[in-house]
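Enquirer: A structural model of the following input is requested.
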Amino acid sequence: MLFGDYRVEVVPDAEFRLDGGAMFGIVPRALWSQSCPPDEHNRIRMNMNCLFVEAGRERIVVETGIGDKWSAKHEAMYGITRRRPLADSIKAATGYDAGDITIVVNTHLHFDHAGGNTTRGAAGDIIPAFPNARYFVSRDEYEHAESPHERDRASYLPENWRPVRASGQLELKDANYEVVPGLRMETIAGHSRTMQCARLERGGRTLFGFADLVPMRAHVALAWIMGYDLYPVETLEAKRRLLPQAARENWLCLFYHEPDAPLCRVAESGDKFKTIPYGQVQEDP
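Expert: Presented below is the predicted three-dimensional model:
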């Protein structure tokens, strides 16, 4: 779709599953299971919705999903169901090949956001999946990924960024920076200290990618916060600030892990919020 003078597409990577209790923290299963029914292993359906932005000569992918380097054991553990490689999904949605992408942006380097940064080459080695792209990540996030602590070490797999660093394609950015005019990355504490969200502003409209701050539509409820978040009180503060603004200013909101309707508007009623899937309301021209 056109977003001002830019083209924007949402590119789903693959369905996967994580424990529902971990995804909703202190919220009782009796509540979250109504929105996200769990399977026999207490896991819920999720996806990874990458954002494609075509801005003049730049062809940008924000996030790269979970990647295709997993063993059969871990594919089963995470319930990964992949219809096709991410590069094929990008081609289907945009018409561009992996070699046409000029910039790859990671909000953070957890394996389900940066797994598709790299892939296995013909010789079995791990190589950048986007051979002609510059890869952007904040310096703070990169430094944390290289020295994680026990609480989040399992989320960081160096194979997802070190080959990109070795190839000279990785560029370390400030805590807040502009990718191209109108597309900004903003560090917002909560999920971690260094995760970023994407804000695209063109033609008087705003598209906001919440990354793991509000990962699914169900998480617009203020107290519905992931158990994975390192700083849940700061997540709550950020949601209290951003969700009313999203409703008031009619943002188009991208929920990265939402499996069914990742692009939505947010509506506010009192201190509660609901999502309206894109296309179910009269949209801006």
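Enquirer: can we go C-alpha only for contacts and neighbour counts from here?
Expert: Will do.
Enquirer: Ala238 against His191, yeah?
Expert: No. If you go by CA atoms under 8 Å, Ala238 and His191 don't touch, sitting 10.4 Å apart.
Enquirer: So the two - more neighbours on which side?
Expert: The neighbour count for Ala238 versus His191, taken as other CA atoms under 10 Å, is higher for His191 (23 against 17).
Enquirer: And the closest residue in space to the more buried one that isn't next to it in sequence, how far from Gly115?
Expert: Closest residue in space to His191, ignoring its immediate chain neighbours: Asp229 at 4.1 Å, by CA to CA, 6 or more residues apart in numbering. For Asp229, the distance to Gly115 equals 19 Å [CA to CA, to the nearest Å].
Enquirer: same thing with Leu242?
Expert: From Leu242 over to Gly115 (counting by CA to CA), the distance is 28 Å.
Enquirer: Pick out whichever of these two has more residues nearby.
Expert: Taking neighbours as other CA under 10 Å, Leu242 and Gly115 compare with Gly115 leading, 25 against 14.
Enquirer: all helices for the stretch 1-150 of the chain, in order.
Expert: 20-24, 29-35, 72-77, 86-94, 111-114, 139-146 (DSSP state H, counting those that start in this stretch).
Enquirer: Which residues are in contact with the most far-flung residue of the chain relative to its centre?
Expert: If you look at how far each residue of the chain sits from its centre, by CA atoms, centre = their mean, the farthest one is Ala123, at 29.8 Å. By CA atoms under 8 Å, 6 or more residues apart in numbering, Ala123 lies in contact with nothing.
Enquirer: quick one: low-confidence parts of the stretch 151-285 of the chain?
Expert: Filtered on pLDDT under 70, the stretch 151-285 of the chain yields the residue ranges 281-285.
Enquirer: so where do the helices sit in it?
Expert: 162-166, 232-248.
Enquirer: Would you mark the buried spots in stretch 191-199?
Expert: His191, Ser192, Arg193, Thr194, Met195, Gln196, Cys197, Ala198, Arg199 (16 or more other CA atoms under 10 Å).
Enquirer: Could you take those and lay them out as JSON lines, with extra columns for distance to Ala133?
Expert: Compiled in JSON lines, the buried residues of stretch 191-199 are given as follows (distance: CA to CA, whole Å):
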{"residue": "His191", "distance to Ala133": "27"}
{"residue": "Ser192", "distance to Ala133": "26"}
{"residue": "Arg193", "distance to Ala133": "26"}
{"residue": "Thr194", "distance to Ala133": "23"}
{"residue": "Met195", "distance to Ala133": "21"}
{"residue": "Gln196", "distance to Ala133": "20"}
{"residue": "Cys197", "distance to Ala133": "20"}
{"residue": "Ala198", "distance to Ala133": "18"}
{"residue": "Arg199", "distance to Ala133": "21"}
